Structures are given as structure tokens and as C-alpha cells.
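Chemist: This is a predicted model, with the sequence first.
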Amino acid sequence: MSNTVLNSHNVDAIESKSDEPEFDFKEYYSKEKTLALRDSYIPYCTELFYRDNPIKIVRCQGTYMYDQLGNKYLDCINNVAHVGHCHPYVCSQIYKQMGACATNNRYLHDNTVVLAEKLAKTLPKGLEQMFYTNSGSESNDLAIRLARQYTGNYDILVLDNAYHGHLTTLFELSTYKFKKANTMMKAPEHVPIPDVYRGKYRDVDYNNDIEKVCQLYVDNVRQIVEEVESRGRRIAIFFIESLQSCGGQIIYPKGYLKQVFNYLQSKGILCLVDEVQTGFGRTGTHYWAFQSYEEDIVPDFVTMGKSMGNGFPVSGLVTRRDITQKFDINGIEYFNTYGGNPVSCRAAIAVMDVIEKEKLMENALNIGNYLIKKLKEIGEKYDIIGDVRGRGLFIGVEIVRDGKTREPGIEEAHEIKYKLREHMIIVSLDGPDHNVIKFKSPMCFSNVDADFFCEKLEIVVRECQKKKEEKQ
């Protein structure tokens, strides 16, 4: 960078104790200029939180993010910074490896196998073949290739409102995005999301008989597969998020995954659990969210990413040896320039070490239970909170306009989101109607953080409820 450009920067918006701090917290441009340059160079379709008045983040630590003025925001949604923003141990391990060796995995390196072995020990027996990639999208795309090669079939089955990535193959699968697009691409074969609160079959419509509701959703899968096959089509793979995230923080009824997997696998259809947003202990009880249903589920593929490197790009796909051997037999060689490089593997190893040493799964369970309890208590006071659901630090708060009809509270949810920002709390909305406040904080979220969040949320919800009542 030239001296002329450097001299034009607005530097030192955040004070440092020395002229050469260990990390770069400097603000080179004013917020206004940064926004203007973004408008010039970054496509508008690239998502920007709080677009009307975006937050300029220059520093992060633990569960907090800091803007250019030094304001501190509680981060309730960043599941990428899994063990906490800028965790010193993870950062130091990346730095040490980057300075020693940063090449591709066509060379032998211990980090490649150390990480694979650590991951295999957390998964059901037989899931031990590891493909390294750079994103969850790449992992899911590779699974499609493997499934088609292994089964000889082509079609894909996926849940409604799913999100599995941004590549072309996955955009077609991700009905959460696909249904909003004006596109000529083929819609996927999809089955209703087993959402007992707002789905096709609701708990209140069946006297809260969740077992019956579950069976209706399972029967739907059978009916759709039979209909697809009646057209002469054959399904290669079924995609499912262990807990559906973008679709509204959905927890499936007990028995659903087990019955669906048993049926599909009996027909030779491979089953993939997407753990990109839910893995690495987020539920608190198990390392992978699909295990939290406690149904002895054994998928054919597990994909992972996001939290895997705590901000450093690393992802993966784990499967069985007989599936990977089909690639070998047909002479298909796999290579990924950056996937599985020693630095990304070192980052993931460090994340797994921190989860264990700092007992973050236990923290996710304890704080998650505490937070869900407090949120439900708030929900009992205010009608606009229709449902609180979650496991560990994966939580959804559904905002409704009418508690009886469950009409989505779209405007109310947006108001709550922006009001929480005024209280220095960052949340986001998901679900088909964008009326679900999603909560996927760093795993080091504390009791103090939980109390602060709930205190401010209740203030905002109370104001929103009062405004709604005044209109009636």
C-alpha cells in the first residue's frame, strides 16, 4: 500500500498502547467512507446486517464485538466463532503452523491424520473416511458426487425450508433460498419440514399427540418417495440438517430421524446429516446434533464446517470406506488445493482441544438450559412470544401476532431485532416468515451474558406488546 493511500486513512480510531500493537485494530476509513466504498465495489445482493445503519466491527473477543467507536455488542448469533471470538489459543496455533508449513495435503503431514482421527472418535463406528474442504457448501456438493457414483441413481430428497449451501447444486436443494428466486432451475424433491409448531401437522391439531404427528411426517416421506419412483426416478441421497437452522430453529419430533433413516436406507438411499451449523458440541449433550435425539442413528455422510476452525476456513465430509472406494474403483481422484492444509487442520485441532479443556459442551448444556428456562418464563408473560425451543446453545424464539392462530409476527420480530441492537445486542431472524429470533452464540456464552440478554429482551418485548395492544 502506497504512502499516499496510507496517509488518507482515518487511523487510530481505537487507541492502542503502542505504535505497533500485536493485532491491527486500526480503522483506515471512516464508517461513511467504508460504506460508500462497499456500495461501489461489493454487490448489493451480498448480505449486510442492519443495512439501513450497519455496524462497523473492528475488534472481537469472546462473546463480544466492538465497533469503531469502542461500543461493545453482545454477539448472540455467531456460530463461526465457536469457542469465542479470537480465542488466544486457536490464534496462536494458527500463527505457529502458518510460520512452519502451509502447503496442500498431497504431502504427508501429521495434522491431516491427527484431526481425522480425533473426528472419527466422535462419530459412529464406520464413519472414518475424511474428505477435507473449505466450506460446508463444498462438502455437501462432494457428497452428491459420491452418492450418485455409489448408488448409480441421480435424484435428491431434501426437507422443505432447508439450507445446505450456495453452490449451484446446493442452491437447488436449499428451498429456503430457492423458493425466493426467479430461476429456471429444477426444484428438488422435498418433504414437509417436521415442525410440530407451524408445520403441515401441528401439535395443537392433534391434541398434542407428538407421536402421532411424527408418524404423519414419516408417512409423508414414504408417500413422496413412492411417488418419485412411480415416475421412473430413483433417489440417490437424502439431505437433512440435524436441527434445521435457517428454516426457523426447528427441533424434530423424537423418532422422526430414526424412522426416516431406516426406511430410506432400506431402499438403498444414502442419508446425510448436515452439521455445519450445529456440530462440535453445540447441543451440550452430544458432539453432533444428530446424536442428541438418542436414537442410535448412523448416517452415511456427515458434513461439517463453520465452527470447525473458529473463523479459519476449514470444513469436511466424513463417510464410509465402501463409499469412498467406489471413487477409487472408477479412477476418480480427489484433490482440493486448500482443503486439509496443515494450517486449517491445526485450527480445527485447536478448536477441539479448547472444547475439551474449557468444558464448553458442559457450558452449552448448562447455559442453554438456563437461557431456555428464562426465555420460557418471559414467553408466559407476553403473547407475542409464541414458542421457545432449542437444545444447548441452539435456540429459537418464535414471534407471533396472535397466540391462538399462530399468525407470524413479522413486523414485531423485526422491531425486536432492531430494538435489541439499541441495547447493544446482535440477533438475527430466520424461518420462512423471518419471525424467529435465532440464537447460536459462541459456546463460551456465560450466565452474565444470558441475564443481560433476557433482561433487555423482556424490555423490548414488553414495549412491543404494549404497542400492539394500543392498536387494538
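Modeler: That came in fine, so what should we check first?
Chemist: Hmm, Gly268 and Ile237 touching each other?
Modeler: No. Using Cβ atoms under 8 Å, Ile237 makes no contact with Gly268, being 10.6 Å away. For the C-beta atoms, the positions are set from N, CA and C on the backbone; glycine is no exception.
Chemist: Now list whatever residues contact both of the two.
Modeler: The contact sets of Ile237 and Gly268 overlap at Thr151 (Cβ atoms under 8 Å, 6 or more residues apart in numbering).
Chemist: Which one of these two is surrounded by more residues?
Modeler: Ile237 (26 against 13; other Cβ atoms under 10 Å).
Chemist: quick one: that one is in a strand?
Modeler: Yes. Under DSSP: H, G, I helix; E, B strand; the rest coil, Ile237 sits within a strand.
Chemist: any idea of the mean pLDDT in the longest helix seen in the chain?
Modeler: Counting residues, the longest helix found in the chain (DSSP state H) is helix 447-471. Regarding helix 447-471, the rounded mean pLDDT is 93.
Chemist: list the buried ones in the helix or strand where Asn220 lies?
Modeler: Under the criterion of DSSP states H and E, Asn220 resides in helix 210-230. For helix 210-230, a neighbour-count test (16 or more other Cβ atoms under 10 Å) marks Val213, Cys214, Gln215, Tyr217, Val218, Asn220, Val221, Ile224, Val225 as buried.
Chemist: Kindly report the same for stretch 337-353.
Modeler: For stretch 337-353, by 16+ other Cβ under 10 Å, it's 338-352.
Chemist: Kindly report the same for stretch 440-454.
Modeler: Here stretch 440-454 shows Lys440, Ser441, Pro442, Met443, Cys444, Phe445, Asp449, Ala450, Phe453, Cys454 as buried, counting by 16+ other Cβ under 10 Å.
Chemist: got TSV for those, with distance to Leu157 too?
Modeler: Output for these, formatted as TSV (distance: Cβ to Cβ, whole Å):
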residue	distance to Leu157
Lys440	26
Ser441	32
Pro442	33
Met443	32
Cys444	37
Phe445	35
Asp449	39
Ala450	38
Phe453	37
Cys454	39
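Chemist: Which of those sits closest to His190?
Modeler: Taking Cβ to Cβ as the measure, His190 lies nearest Lys440 of the buried residues of stretch 440-454, at 23.8 Å.
Chemist: Surely Thr122 is in a helix?
Modeler: No. Counting by three-state DSSP, Thr122 falls outside a helix, being coil.
Chemist: which element is Ala350 on?
Modeler: Element membership of Ala350 [criterion: DSSP H and E] is helix 342-357.
Chemist: helix or strand right after that helix?
Modeler: helix 360-381.
Chemist: Remind me what that following helix packs against, helices and strands.
Modeler: strand 385-391, strand 394-402, helix 447-471 (3 or more Cβ pairs under 8 Å, 6 or more residues apart in numbering; DSSP states H and E).
Chemist: Out of those, the one nearest Tyr163 is which?
Modeler: Across these, the minimum distance to Tyr163, taken as Cβ to Cβ, is reached by strand 394-402, at 14.4 Å.
Chemist: in its sheet, what does the next helix or strand after the closest one sit against?
Modeler: Downstream of strand 394-402, the next assigned helix or strand under DSSP H and E is strand 407-408. Applying DSSP bridges, strand 407-408 is found paired with strand 394-402 (antiparallel).
Chemist: Now do the strand it pairs with: distance to the chain's middle.
Modeler: Distance, stretch centre to chain centre, for strand 394-402: 18 Å (Cα atoms, centre = their mean, to the nearest Å).
Chemist: Only the buried residues of it, if you could.
Modeler: Result for strand 394-402 [16+ other Cβ under 10 Å]: buried residues Phe394, Ile395, Gly396, Val397, Glu398, Ile399, Val400, Arg401.
Chemist: ok and that strand relative to strand 385-391, angle-wise?
Modeler: Relative orientation of strand 394-402 versus strand 385-391 (axes from the mean of the first three to the mean of the last three Cα atoms, to 10 degrees): 170 degrees.
Chemist: In contact with the nearest residue to Leu159 once chain neighbours are set aside: list those residues for me.
Modeler: Excluding the flanking residues, the one nearest Leu159 by Cβ to Cβ, 6 or more residues apart in numbering is Ile193, at 5.2 Å. Neighbouring residues of Ile193 by Cβ under 8 Å, 6+ apart: Leu159, Asp160, Asn161, Ala162, Gly199, Gln244, Gly247, Ile250.
Chemist: Could you dump the residues you listed into JSON lines and include neighbour count?
Modeler: Output for those, formatted as JSON lines (neighbours: other Cβ atoms under 10 Å):
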{"residue": "Leu159", "neighbour count": "28"}
{"residue": "Asp160", "neighbour count": "19"}
{"residue": "Asn161", "neighbour count": "25"}
{"residue": "Ala162", "neighbour count": "25"}
{"residue": "Gly199", "neighbour count": "20"}
{"residue": "Gln244", "neighbour count": "27"}
{"residue": "Gly247", "neighbour count": "24"}
{"residue": "Ile250", "neighbour count": "24"}
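Chemist: Next, check those against the strands and list the overlap.
Modeler: Counting by DSSP state E, the part of the contacts of Ile193 found in strands is Leu159.
Chemist: nearest residue to the spatially most central residue of the chain other than its sequence neighbours?
Modeler: Among the residues of the chain, Gln277 comes closest to the average C-alpha position under Cα atoms, centre = their mean, at 2.4 Å. Nearest non-adjacent residue to Gln277, counting by Cβ to Cβ, 6+ apart: Ser245, 4.4 Å away.
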